[in-house]
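Student: just the structure for this:
(one chain, ligands or ions: 1)
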Amino acid sequence: MYFLTDEERKQLLKGFLPRSRQMEIAEELRGWNWHQPPLAPVYDIRMALYEVANSYCKTNRDLYLRKIDRIKSKPNSAMIRGKVFHDILVRVLVRAKRLIYEKGVGNFQEILEQLNTPLDLSFLTEYQSQLKEDEFIELKKKAATVAAFENARVAARIQEILVKQPYIAEDSLAALAIPVVVEQKLDGTFFGLSANLSADAYTFSEPMVLDLKFGEQKKFHRLTTTGYALVMEAIYEFPINIGCLVYAEFKGDRLVVKKDIHIIDDELRQWFIEERDEKMRMIYEEIDPGLGQCYDYCPYILQCRG
Ligand code: SF4
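Tutor: Got it, this is the predicted structure:
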């Protein structure tokens, strides 16, 4: 899912990349200027990146309940589904990399055979008690579809590269076929964020942060890629100009994947910092923001609406 199609690659190479290189990003909004305003955090508070970026609750009362009232919510079925599908992608991609290194290029037939073997989904049982029976059956079915889709994509990429590169070795094959680091761990303390952030994926073929979403597209989703880009700029001191949100959804039994490639421009950077500052102020001053327009599957619906 993190791999671009030929059309998306063209869009990236001929559209987003040249535009992003010409675009002037304000120097004070580059992550490496984390130590001065406006990037330096005003309050001595730590937040998870999703807490800054997400605005599913319009008033942010979910954040208030979690941080001030210390109420932990139970994940709803959509959250569990998202977590499982993320986990499956990590398992597929890591398994593929491991197979390349363990088997070696000379045994590529074995690599492909094992990629065709369905992923072991026994880990799903840990979610069984949190879901209704029909939800769990559905989850298993969809999880198998996600795993099969990604396995097939990886196998095809390995074959494509082997055809073109007769002298390739394991390390290069792994890097070309699967050019992403999944769950990259990052320290976000420069920005008042957690020390243990985890970006869904990062492509090193072109500096681009990817985030996978299962569910409806929202404008604020771009704040996630923006936040990771700022943190990476602070850590590695090189510019990250492009983000990509990968939206996956099921239409019946079919998996449909769409991508929202975007430039991480001044507007997004400012928006991220404003959200962080506003939410930190709410926590610091313990301001209950009150109820907003609630959505049915909010995990805090009982606490707020009784
Ligand atoms: S129930 Fe409503 S106000 Fe409470 S956290 Fe959820 S969306 Fe926000």
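
Student: which positions in the stretch 201-306 of the chain make contact with the ligand?
Tutor: Taking CB under 6 Å from any ligand atom, the part of the stretch 201-306 of the chain that reaches the ligand is made up of 291-292, 294-295, 298, 300-301, 304-305. Using the backbone N, CA and C atoms, a C-beta is placed for each residue, glycine as well.

Student: just the pLDDT for His262.
Tutor: Predicted confidence (pLDDT) for His262: 96.

Student: okay, and it sits in which element?
Tutor: Applying DSSP states H and E as the criterion places His262 in strand 254-263.

Student: ok now that strand, how far from the chain's centre?
Tutor: Once both centres are worked out by CA atoms, centre = their mean, to the nearest Å, strand 254-263 turns out to sit 12 Å from its chain's centre.

Student: mind listing what's buried along that strand?
Tutor: Going by neighbour count (16 or more other CB atoms under 10 Å), the buried part of strand 254-263 is 255, 259, 261-263.

Student: and of those residues, the nearest to the ligand?
Tutor: Within these, proximity to the ligand (CB to the nearest ligand atom) peaks at His262, which comes in at 26.2 Å.

Student: ok, that closest one - contacts?
Tutor: Going by CB atoms under 8 Å, 6 or more residues apart in numbering, His262 touches 16, 222, 225, 242-245, 268.

Student: hey, what's it bridged with?
Tutor: Here His262 sits in beta bridges with Gly243, going by DSSP bridges.

Student: returning to that earlier point: in JSON lines: the contacts of His262, plus neighbour count.
Tutor: Compiled in JSON lines, those are given as follows (neighbours: other CB atoms under 10 Å):
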{"residue": "Phe16", "neighbour count": "20"}
{"residue": "Arg222", "neighbour count": "22"}
{"residue": "Thr225", "neighbour count": "27"}
{"residue": "Ile242", "neighbour count": "22"}
{"residue": "Gly243", "neighbour count": "25"}
{"residue": "Cys244", "neighbour count": "21"}
{"residue": "Leu245", "neighbour count": "21"}
{"residue": "Leu268", "neighbour count": "20"}
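
Student: of those residues, closest to Glu110?
Tutor: For these, the minimum distance to Glu110 (CB to CB) is 32.4 Å, reached by Cys244.

Student: quick check, that closest one in contact with Leu210.
Tutor: Yes - A contact is recorded between Cys244 and Leu210 when judged using CB atoms under 8 Å, the distance being 4.8 Å.

Student: identify the contacts common to the two.
Tutor: Between them, Cys244 and Leu210 share the contacting residues Thr225, judged by CB under 8 Å, 6+ apart.
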